[in-house]
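Novice: Pasting a predicted model and its sequence here:
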Amino acid sequence: MLLLLFSGFFLLAPEFLIVGIADLAANLLSANPMPRSIFAYHSVCLIPIFTIATIYGVKRIPFKKIRQPIVILPGLILSVNLIWGYLYAPLPLPGSFNYWAPRPFANWKDPKVAAIRSAIDENDSLSVQNNIAAHFSQREKLYLFPSKVGETDFIILRLESPTSNVNNIPEKYISRRKDILGTLDSHL
């Protein structure tokens, strides 16, 4: 899917792809399904390489045979990217795959946080999970979980999942579930 975003033009300049062969091979040959996924961050390093190869690949197209190359090529690449962006956006859009299925987390005052803040003394030390640490940032002894776990007075965690797409392991990997760290739920 990553390669489709460049509409195949990178293939016209293969010498520019040599730099990314090791990274691409590591991702594609991994036993872990996460690096092979377009939704993972592992392919980010390849994007500039494919972009440069695409630019030089487009430069090699004999434009004398094509009537409106300025309109056709950018329009094609833009159309492909808009379609893929819509289909794979992490949003509940009609017809999209909504792979991450994010849950809305409101930034307004949470009554649970207020109850926790009122139950602890302002001088107590805390080890707080990153997704809730901002609510406790006005104190002297604050550590990001799991730092200082054995030394703090309280540990505060918000265990709600940021996604509704948990247990998303592919069927063929179910038997190896405990060995695979590349699933969305293992990251949670």
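Specialist: Perfect, I can see it now.
Novice: what is Leu144 paired to in the beta sheet?
Specialist: Beta-bridge pairing of Leu144, defined through DSSP bridges, involves Val128.
Novice: Can you report how many residues lie near it?
Specialist: Using other CB atoms under 10 Å as the criterion, Leu144 is surrounded by 12 other residues. Quick note: C-beta positions are derived from backbone N, CA and C, even for glycine.
Novice: quick one: it from Ser37, how far?
Specialist: Here Leu144 is placed at a distance of 27 Å from Ser37 (CB to CB, to the nearest Å).
Novice: same thing with Gly85?
Specialist: For Gly85, the distance to Ser37 equals 17 Å [CB to CB].
Novice: Same check on Ala115?
Specialist: Ala115 is 39 Å from Ser37, where distance means CB to CB.
Novice: Could you do Leu5 as well?
Specialist: Leu5 sits 14 Å away from Ser37 when distances are taken as CB to CB.
Novice: per the record, what domains does this protein have?
Specialist: 4-88, 111-156 (automatic domain parsing).
Novice: Arrange those in JSON lines, one row each, with distance to Phe97 and mean pLDDT as further columns.
Specialist: Formatted as JSON lines, the entries for the domains of the chain read as follows, by distance: least, CB to CB, whole Å; pLDDT from 0 to 100:
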{"stretch": "domain 4-88", "distance to Phe97": "6", "mean pLDDT": "82"}
{"stretch": "domain 111-156", "distance to Phe97": "25", "mean pLDDT": "85"}
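Novice: which helix of the chain spans the most residues?
Specialist: The helix that spans the most residues within the chain, counting by DSSP state H, is helix 69-88.
Novice: what's the spacing between that helix and its chain's center?
Specialist: On the basis of CA atoms, centre = their mean, to the nearest Å, helix 69-88 sits 21 Å off its chain's mean C-alpha point.
Novice: Can you give me the first-to-last residue distance of stretch 32-43?
Specialist: For stretch 32-43, the first-to-last residue distance is 14 Å (CA to CA, to the nearest Å).
Novice: buried sites along it?
Specialist: Counting neighbours by 16 or more other CB atoms under 10 Å, one finds that the buried residues in stretch 32-43 are 32-35, 37, 40, 42-43.
Novice: just stretch 78-98 next, same as before
Specialist: With burial defined by 16+ other CB under 10 Å, the residues of stretch 78-98 counted as buried are 88, 98.
Novice: Tally up the residues packed near Gly8, please.
Specialist: Using other CB under 10 Å, Gly8 has 11 other residues around it.
Novice: Please report how far it lies from Val44.
Specialist: As judged by CB to CB, Gly8 and Val44 stand 20 Å apart.
Novice: Next: Thr152.
Specialist: Relative to Val44, Thr152 is positioned 35 Å away (criterion: CB to CB).
Novice: neighbour-wise, which of those two wins?
Specialist: Under the neighbour definition other CB under 10 Å, Thr152 and Val44 were set side by side, and Thr152 has more, 18 against 10.
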